[in-house]
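S.K.: have a look at this fold, sequence not included:
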């Protein structure tokens, strides 16, 4: 057994103990628009955010499998932060793999300890799931790069120190580190029906000037972008598994205690069977997520595994949350129990990152050798 799986297994034990403890030290109201930076720093202080970042740059070096453990643990504790699938999963992976020595030294230690945050700006209004239609442009002007265009549904701009921004340079896509206080960069919030401390933004780049040090992996091409996509899907899947665990546990406890007709409602199959099905689906989803994470850490392509994991986890979380809310009846809609609060977030994960339909397209084409439909 290699050192990395051993580290990941050890991280499982540590994270399931320390993450809830760290969460308990801060106060974040997911329903009031609180900023999640304090919680983020608490997670960084216990080493959770550096799970997959290389040891030489302040991380644990235990791989994406270990980071997925962190994501599941914080969601199981009732605070599922989407940022876990972005800053340490997407952004840190890109910089760790393709960043210059100066970029690694500047960003990775802070990403590991929670003092720095990176956002990921790729989505555009007219591109949808087709990344090749991105219109954001980066052009040379003397010794500078100049970025012009718009991104939308960019998470955590209010938390981020910089945005890893995907832009077109002639016929190639490149990734740039754009400070959130750069002249010409502006943002406006998008109102979404999700109760969460995490916000979404439109971001406008009006001739934002950057020097060459902002370009990540200048000679790596699309490999920089692809490096972060599978970790994003895997860690998103783990986060969803944690939400499912959270919902099932609340519902099972309620069903054991709630008495309406002489016996606890959990004695009735109409209540127990949906929860048992959700529990079974969660067991399968967790295995698939772990398998995808281990494949990525082993250097395997793993795209289909990551797609399957995220697809399955989003469906499992949706099923589990619905069963839990039905179990609680009217209380399922009460903020006191924290279930209805998660409905918008769980529904979002069937759309992003990468819709369930596009994940199915990928599996059909890559695993079943069916003709491409996209």
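M.R.: Looks like it arrived, so ask away. None of the values given here were measured: they were computed from a predicted structure. Numbers count the residues shown, from 1 in each chain.
S.K.: how about the residue nearest the centre of the chain, phi and psi?
M.R.: By CA atoms, centre = their mean, the chain has its centre lying nearest to residue 85, at 2.2 Å. Per-residue torsions, residue 85: phi -90, psi 0 (degrees, to the nearest 10).
S.K.: helix or strand for residue 255, which one?
M.R.: helix 223-257 (DSSP states H and E).
S.K.: repeat for residue 153
M.R.: Going by DSSP H and E, residue 153 is in strand 144-155.
S.K.: surely residue 111 is in contact with residue 90?
M.R.: No - counting by CB atoms under 8 Å, residue 111 does not reach residue 90; the two are 11.0 Å apart. Placement of C-beta: from N, CA and C, glycine included.
S.K.: quick one: the helices in the stretch 101-250 of the chain?
M.R.: 101-113, 223-257 (DSSP state H, counting those that start in this stretch).
S.K.: as a markdown table, these with mean pLDDT, distance to residue 373 and mean neighbour count would be great.
M.R.: Putting the helices of the stretch 101-250 of the chain into a markdown table (pLDDT from 0 to 100; distance: least, CB to CB, whole Å; neighbours: other CB atoms under 10 Å) gives the following:
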| stretch | mean pLDDT | distance to residue 373 | mean neighbour count |
| --- | --- | --- | --- |
| helix 101-113 | 96 | 37 | 18 |
| helix 223-257 | 96 | 19 | 24 |
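S.K.: rewinding a little: now do the contacts for the residue nearest to the centre of the chain.
M.R.: By CB atoms under 8 Å, 6 or more residues apart in numbering, the residues touching residue 85 are 71, 231-232, 235-236, 239, 353.
S.K.: ok, back up a step: what helices and strands are in contact with the strand holding residue 153?
M.R.: On a contact count with 3 or more CB pairs under 8 Å, 6 or more residues apart in numbering; DSSP states H and E, strand 144-155 meets strand 118-121, strand 137-141, strand 162-169, strand 172-179, strand 185-190, strand 200-210.
S.K.: note down every partner strand of the first one and its orientation.
M.R.: In its sheet, strand 118-121 lies beside strand 162-169 (parallel), with partners assigned from DSSP bridges.
S.K.: list the buried residues in the strand it pairs with.
M.R.: Neighbour counts over strand 162-169 (16 or more other CB atoms under 10 Å) mark 162-168 as buried.
S.K.: any regions of this protein where pLDDT drops low?
M.R.: The chain contains residues with pLDDT under 70 at 1-35.
S.K.: tell me the domain boundaries of it?
M.R.: The record's domain parsing of the chain by automatic domain parsing lists 3-116, 120-216, 223-366.
S.K.: between the two ends of the longest one, what distance do you get?
M.R.: What that stands for is domain 223-366. Separation of the first and last residues of domain 223-366 by CA to CA, to the nearest Å is 19 Å.
S.K.: picking up where we left off before, of the buried residues of strand 162-169, closest to residue 135?
M.R.: Nearest to residue 135 among those is residue 168, at 7.1 Å by CB to CB.
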